[in-house]
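Peer 1: What shape does this take:
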Amino acid sequence: MLRPVALLLLLLAPLRALAVETMRIAMGDSQGEVRVSGKGLSFGSDTEDARFSPLDQDSVTVRRKGSRLELNGAPVLGNAVRFRAGVDSQDDDAGVPGSSPVRAGDTEVRGDVVVRLYKDGLQLINVIPLEDYLAGVLGSEMPVSFPLEALKAQAVAARTYALQKKLETYGAPFHMGSSVLHQVYGGLEREVERTRAAVEATRGEVLTYELAPIEAYFHASCGGRTESGQDALGRELPYLRPVDCPCGRLPASRWSATVSDSELHSALGQSTEGFRVSSRTATHRVNRVATSNGLSLDGVSLRRKLGYTKIKSLEFDVERTSGGWHFNGRGYGHGAGLCQWGAKALADEGLTYRDILLHYYPGTELQQLY
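Peer 2: I've put the predicted structure just below:
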């Protein structure tokens, strides 16, 4: 069996001649029709060596008709069609996305757009050069006003996370989604000069542990100390260990929320007069809660049921109020890996992006992969 780093090198090898590494990002689903547009729009099969044919128009409507696809009412072969803008099909370099953006539905992206049959409707996939993808991720995941060293640290973490997911999903129709379940990706409109500068300054750099790309998880704020991989994600990853973080001094790390009795009843599936934290992790985050009715629930499930934007982290204290429960907490997110507000604070103190990364991912190495 190939080691992860060996497989990754094999994946990259045919792309080095083209000087581009691509990702396949699921943009979302459509019921049965989507409009695709772009200057000089062409279409082809969903393969890296596809030949693209010009449409002689800058927009097209893709519809699902039973078990087949139609372009402006004309049937096409196969279960997927790939669109590219700004490319002359006569001298197209196979596998290299076009130079102009493509709009699919409400989102404008660089690279190609694939529309494929999926369940009872259509699925949209953006095939995009990794470095272009990262510029859109940075503008969605971290405030662009943060110091450049913090943005560079986020760029390396996001690049590493993306490549690790590509390894994990090798051969699948797409490598990642575009929501908070993976990395938030908002397309072209989330790019700015600072995000592209951070990506370009770290081009090809990834974090490795024992020569393999790490699972470079990150979050908004840890509240003063990051969490272990085991306690945050249920997985023991040696480079996700609790470390001290300066974000605990920042107002952004503090939050409070009030949950009514009816909200708690809905989340737990039963009414209760008593509700308490029954165990905590080594970093003081809630591990389990218990009710007076005998129900025991893990903290991760409780947060999911009450809502991630309301219960922003598992480092909280809770007390009874009139008609509900009041939460006082620290941090935002699962707490494992890179803390974004902590990265800002460290950058403000003069640390480089390399220093920041090695602080939050102890035992890793920063390597130039391409």
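Peer 1: pLDDT weak spots in this protein?
Peer 2: 1-19, 87-99 (pLDDT under 70).
Peer 1: Centroid-nearest residue for it?
Peer 2: Closest to where the C-alpha atoms of the chain average out (Cα atoms, centre = their mean) is Gln183, at 0.7 Å.
Peer 1: Thought Met142 was touching it, still the case?
Peer 2: No. If you go by Cβ atoms under 8 Å, Gln183 and Met142 don't touch, sitting 10.8 Å apart. All C-beta atoms are positioned from the backbone trio N, CA, C, and that covers glycine.
Peer 1: contacting residues for Asp132?
Peer 2: 110-111 (Cβ atoms under 8 Å, 6 or more residues apart in numbering).
Peer 1: Now do the buried residues in stretch 356-368.
Peer 2: Residues of stretch 356-368 classed as buried under the neighbour-count rule (16 or more other Cβ atoms under 10 Å) are 356-361, 364, 366.
Peer 1: and it, C-alpha only, in CSV?
Peer 2: Provided in CSV are the C-alpha atoms of stretch 356-368 (Å, rounded to 0.1, in the frame of the first residue of the first chain):
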residue,chain,number,x,y,z
ILE,A,356,2.4,30.5,14.2
LEU,A,357,1.9,27.2,12.3
LEU,A,358,4.5,25.3,14.4
HIS,A,359,2.9,26.7,17.6
TYR,A,360,-0.6,25.4,16.8
TYR,A,361,0.6,22.1,15.0
PRO,A,362,3.5,21.0,17.3
GLY,A,363,5.8,18.3,15.8
THR,A,364,4.9,19.1,12.2
GLU,A,365,7.2,20.2,9.4
LEU,A,366,6.7,22.9,6.8
GLN,A,367,7.6,21.6,3.3
GLN,A,368,7.6,22.9,-0.2
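Peer 1: what does that stretch contact?
Peer 2: 149-150, 153, 156-157, 204-209, 214, 216, 218, 226, 238-241, 243, 245, 337-339, 342-343, 346-347, 351, 354.
Peer 1: 6 Å instead, please
Peer 2: 153, 156, 204-209, 214, 239, 241, 337-338, 343, 346, 354 (Cβ atoms under 6 Å, 6 or more residues apart in numbering).
Peer 1: now do stretch 57-77
Peer 2: Against stretch 57-77 from outside (Cβ under 6 Å, 6+ apart): 32-37, 39, 41, 81, 115, 122.
Peer 1: so of the buried residues of stretch 356-368, which ones are in strands?
Peer 2: Leu366 (DSSP state E).
Peer 1: And the strands in the stretch 1-150 of the chain?
Peer 2: 22-30, 33-37, 42-44, 53-54, 59-65, 68-71, 74-76, 80-84, 102-104, 107-109, 112-118, 121-129 (DSSP state E, counting those that start in this stretch).
Peer 1: Figure out how far the last one is from the centre of its chain.
Peer 2: Averaging C-alpha coordinates over strand 121-129 and over its chain gives two centres that are 15 Å apart (Cα atoms, centre = their mean, to the nearest Å).
Peer 1: got the angle between it and strand 80-84?
Peer 2: Strand 121-129 and strand 80-84 meet at an angle of 40 degrees, taking axes from the mean of the first three to the mean of the last three Cα atoms, to 10 degrees as the criterion.
Peer 1: Let's see strand 121-129 as PDB, backbone CA atoms only.
Peer 2: In PDB, the C-alpha atoms belonging to strand 121-129 read as follows (Å, rounded to 0.1, in the frame of the first residue of the first chain):
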ATOM      1  CA  GLY A 121     -31.600  16.800  -9.700                       C
ATOM      2  CA  LEU A 122     -28.200  18.400 -10.600                       C
ATOM      3  CA  GLN A 123     -25.000  18.900  -8.800                       C
ATOM      4  CA  LEU A 124     -22.500  21.700  -9.500                       C
ATOM      5  CA  ILE A 125     -18.800  21.200  -9.100                       C
ATOM      6  CA  ASN A 126     -16.000  23.800  -9.500                       C
ATOM      7  CA  VAL A 127     -12.800  22.300 -10.900                       C
ATOM      8  CA  ILE A 128     -10.300  25.000  -9.900                       C
ATOM      9  CA  PRO A 129      -6.600  25.500  -9.500                       C
END
